[in-house]
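K.L.:
Just need the structure, nothing else, for what follows:
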Amino acid sequence: MVYGLEMNLSFQQLVTFREVMRSGSISQAARTVGRTQPAVSAMIANLEEELDFALFVRERSRLTPTPEAYYFLEECEDILSRLDQTKRTLSGISRLEDGKLRIACYPAASGFFMPSVLTGFLADKPKVDVTLKMRSTRVIEDLIASQQFDIGFAETPEPRESVNQIDFNLECVCAVAKSDPLADTEVITPQDLDSANLAVLFPEHISYQKTAQVFRDAGCRFHRKFELQTFLPGLPLVGAGLCYMICDTITAYSHLCHMNSSANVSFRPFAPTLRTGVSILSPAHSPQSIIADAFRRKLVGRINGIRSEMTKWLTISNL
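P.N.:
Numbers count the residues shown, from 1 in each chain. The predicted structure follows:
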């Protein structure tokens, strides 16, 4: 590029100069750019004045480009090419075809649920690059608060000023082996599971505490057979008839969406109702990108749809 000069070159000047060089004619260039011939002549003269050197030698009705004109043409082509690429990129971003998306997701939703949502969202967005990391809820909060990630999906945390959150309360269900008599029960209660083997999360988890309290309130024995970090590994244990498991809706939904013919787990409603909270998190002190906002809305719709889909599955499985 031309350095060391103070100049005010316009996009229209560069386009017009390129057309004059391509056509070798002021009149032809004028027709191409949609301007009058005197306007194009004046634009070229102004451009030469800005550059402080001649671009053409004028001999009667002919224009002969100077060596400097060929050098400047290369610069123009480079500049205009970058501008065209920038325009396409920005247009792609506005149409949700380009961009980057950084998502931090808690373990229970990382294996099946979040990839499933992403698959649908990215179906017509092949140029969108995604970072998806599985982290604990506490770490996700910090990643969102520090604006390192665009979207967080986590178990509902305590509110923070640096984090926007959309909260959802989803009902828990009871996982049982298909061969178990309780698989035909309309609603499973603590009395049905009194002293039965249970797969549960670790005692510090709110799910464990709520479930244990329900059993205590019902006067039933809460027997912890398997202690897990997440519910997902408990499903094979349930399918083998080794235990029952009162689990979150996301885990049950993920299993139902991806189960195969060998799956041996059924899900039944559990009463009294237990709920788990999940939240969509985003930075509170920075604007969201267009692509992140669109994905957030997609995720909201998918979570809201889980309730009706789970109700349908639970009804069908009890027919």
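
K.L.:
Going by C-alpha atoms from here, please, whenever you check contacts or count neighbours.
P.N.:
Fine.

K.L.:
Can you tell me how far Cys220 is from Lys210?
P.N.:
Separation of Cys220 from Lys210 (C-alpha to C-alpha, to the nearest Å): 14 Å.

K.L.:
With neighbour numbers in mind, choose between those two.
P.N.:
Here Cys220 and Lys210 are set side by side on neighbour count (other C-alpha atoms under 10 Å), and the busier one is Cys220, at 18 against 14.

K.L.:
Does that one belong to a helix, a strand or coil?
P.N.:
Taking DSSP: H, G, I helix; E, B strand; the rest coil as the rule, one finds Cys220 in the coil state.

K.L.:
distance of the closest residue to it other than its chain neighbours from Arg221?
P.N.:
Beyond its immediate neighbours in the sequence, the residue positioned closest to Cys220 (C-alpha to C-alpha, 6 or more residues apart in numbering) is Asp194, lying 5.1 Å away. When C-alpha to C-alpha is applied, the distance between Asp194 and Arg221 equals 5 Å.

K.L.:
Next: Thr156.
P.N.:
Here the criterion is C-alpha to C-alpha. By it, Thr156 lies 28 Å from Arg221.

K.L.:
of those two, who's got more company?
P.N.:
Between Thr156 and Arg221, counted using other C-alpha under 10 Å, Thr156 has the larger neighbour count: 19 against 15.

K.L.:
That one reaches Leu281, doesn't it?
P.N.:
No: at 9.1 Å, Thr156 does not count as touching Leu281 under the criterion of C-alpha atoms under 8 Å.

K.L.:
pLDDT wise, what is Phe112 at?
P.N.:
Here the pLDDT value assigned to Phe112 is 88.

K.L.:
burial of it, as a residue count?
P.N.:
Number of residues near Phe112 (other C-alpha under 10 Å) recorded here: 17.

K.L.:
what's the answer for the one 10 residues further on, then?
P.N.:
Neighbours of Leu122 under the rule other C-alpha under 10 Å: 16.

K.L.:
follow-up on the earlier one: name all residues that make contact with the residue nearest to Cys220.
P.N.:
Applying C-alpha atoms under 8 Å, 6 or more residues apart in numbering to Asp194 gives the contacts Cys220, Arg221, Phe222, His223.

K.L.:
And Cys105, by the same measure?
P.N.:
Shown in contact with Cys105 (C-alpha under 8 Å, 6+ apart): Met114, Leu132, Lys133, Met134, Arg135, Ser136, Thr137, Ile140, Gly152, Phe153, Ala154.
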